[in-house]
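1. Turn this into a structure:
(one chain, ligands or ions: 2)
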Amino acid sequence: MTERPSTPTSGTTTEPPPEPPATATTPAAGTERVPAPGAAESGAVTGPGPVPVSETGEAGAVTGHLPAPAAAAGPAGRAPVLSVRELSVRFLLPGGRRIAAVTDAHFDVAPGECLALIGESGCGKSVLASALLGLLPANAQTAGSAHLGDLDLLTAGERTLARTVRGRRIGLIPQSPAAHLTPVRTIRSQMEETVAQLTGERNRSTLRTAAEQAAGRAGFPLDHLDRHPHELSGGLAQRAATALALIGDAPLLLADEPTTGLDRDLVDRTVDELRRHVDADRALLIITHDLAAAERVADRVAVMYAGRIVEITGADAFFGAPGPRHPYSRGLLEALPDRSFTPIPGLPPELGSLPDGCAFAPRCDRATGICATLPPLTDSVACHHPAPARTPEDLRA
Ligand SMILES: Nc1ncnc2c1ncn2[C@@H]1O[C@H](COP(=O)(O)OP(=O)(O)OP(=O)(O)O)[C@@H](O)[C@H]1O
Ligand code: NI
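-> Ligands and ions are numbered 1, 2, ... in the order given. This is a model prediction of the structure:
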């Protein structure tokens, strides 16, 4: 774990000027959001407390929507930057198949806090991030709510998301940075344009300096700034995308695998820069396969399995003592080379045909008959047979 101040260093957030957002966070052409059935009338968010989990796993069958103040207190006792309640995403496929990519996700991210979202490939992490930014494809349906202050990101219109949210209130480091960079323009010109759009600055030399500072923050070499995206390695494209996402100093940063393709030193450097973003009293939701990076940057960890968050707990408790409580979370840690290097047996289930009960049960050595029923998320873990919690202080979820 890195040393970090216990109190945020600044209480200010940057109010964006009224210009369009950064190009790096513009949605792909042709993508449109399909509002969830009944989503329009639900401005309400559910209150804190046990997470209701829908038995059917169907979008629209989300349970427990109780009216509550939009600014429910976050884990640090402050109003969260992001408040996600029973967020579900379904993809409708030809022939009537439904992919349950995200089911009943429920969490907050507070100012000055980093939440790391981890889990095996295909479990729904990127879909969750895309839902928050209104970047889902047209065959997606959402349910639940995701409040950024008073704004429900799931029901906000594309115009609002494009003009005031993406790049301004939420920065995105996308999972495929090369695809998000504009192919025909140099990295320098994309960075200068982003600075101009977000700050209103027009002076050439000021823009040039700001772009070079942004590159420096992400460890992007200045002598590569005049290159086009196709002239960059994957790691350099990653750093360019990180630099672009950091420019707006958005109150919430979504970083989807921000360290892919980087060597260990650059991983550390990148996550330390992301941590500086958090320590300036902003929020970070980082999606990563790199558990060492998660340990270095995160305050809390959310573990996702087959579209559901199965455990959400403090990073110190998770990576240290007493360790995670869900058998899947424990398996993820035990699979690490510097732990017992034992892979979790079997494969994750198809999200198009999930069982009614615990989706991890077929791979779990603790499973019993009761696991044919869905375990609710109580005490930070959704499992009928969790490892015991040692002390309440260990769990600061
Ligand atoms: N447009 C789509 N139509 C149908 N299914 C989709 C679509 N987009 C994603 N999915 C499915 O949603 C599930 C979750 O995908 P997602 O990209 O969120 O996984 P992930 O956890 O981010 O994985 P990774 O770690 O590999 O990035 C996958 O099973 C994927 O096949
Ligand atoms: Ni992903």
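
2. The nearest residue to residue 335 once chain neighbours are set aside and ligand 1, how far apart?
-> In this structure, residue 335 finds its nearest non-sequential neighbour in residue 343, 5.1 Å apart by C-beta to C-beta, 6 or more residues apart in numbering. In short, each C-beta sits where N, CA and C put it, glycine included. Distance, residue 343 to ligand 1, by C-beta to the nearest ligand atom, to the nearest Å: 16 Å.

3. Quickly note the distance from residue 343 to residue 349.
-> As judged by C-beta to C-beta, to the nearest Å, residue 343 and residue 349 stand 17 Å apart.

4. Settle it for me: which of those two has more neighbours?
-> residue 349 (19 against 10; other C-beta atoms under 10 Å).

5. so who does the more buried one touch?
-> Contact analysis of residue 349 by C-beta atoms under 8 Å, 6 or more residues apart in numbering lists 306, 355, 359, 362.

6. what does residue 222 give?
-> Per C-beta under 8 Å, 6+ apart, neighbours of residue 222: 212, 215, 216.

7. Would you check that residue 286 makes contact with residue 255?
-> Yes. Applying C-beta atoms under 8 Å, one finds residue 286 in contact with residue 255, separated by 4.5 Å.

8. Correct me if wrong, but residue 310 is in a helix.
-> No. Assigned with DSSP: H, G, I helix; E, B strand; the rest coil, residue 310 falls outside any helix and is strand.

9. In this model residue 360 seems to touch it, though I could be wrong.
-> Yes. Taking C-beta under 8 Å as the definition, residue 310 is a contact partner of residue 360 at 7.1 Å.

10. Now list whatever residues contact both of those two.
-> With contacts defined as C-beta under 8 Å, 6+ apart, the residues shared by residue 310 and residue 360 are 326, 328.

11. before we move on, back to that, top of the contacts of residue 222 by neighbour count?
-> Busiest of the contacts of residue 222 [other C-beta under 10 Å] is residue 215, holding 22 neighbours.

12. So what's the predicted local confidence for that residue?
-> Predicted confidence (pLDDT) for residue 215: 97.

13. repeat for residue 209
-> 97.

14. swap in residue 383?
-> For residue 383, the predicted pLDDT is 98.

15. Help me confirm that it is found in a helix?
-> No. Per three-state DSSP, residue 383 lies outside any helix segment and is coil.

16. Pretty sure it sits against residue 327.
-> Yes. Contact criterion C-beta under 8 Å: residue 383 and residue 327 qualify, at 6.6 Å.

17. Common neighbours of these two, please.
-> What both residue 383 and residue 327 touch, as defined by C-beta under 8 Å, 6+ apart, is the set residue 366.

18. Following element in sequence after the host helix or strand of residue 313, please.
-> Residue 313 belongs to strand 308-314 when assigned by DSSP states H and E. Using DSSP H and E, the next helix or strand after strand 308-314 towards the C-terminus is helix 315-319.

19. Check which residues of that following helix are buried.
-> Neighbour-count burial for helix 315-319 flags 315, 316, 317, 318, 319 (criterion: 16 or more other C-beta atoms under 10 Å).

20. And it, what does it pack against?
-> Helices and strands touching helix 315-319, by 3 or more C-beta pairs under 8 Å, 6 or more residues apart in numbering; DSSP states H and E, are helix 291-297, strand 300-305.
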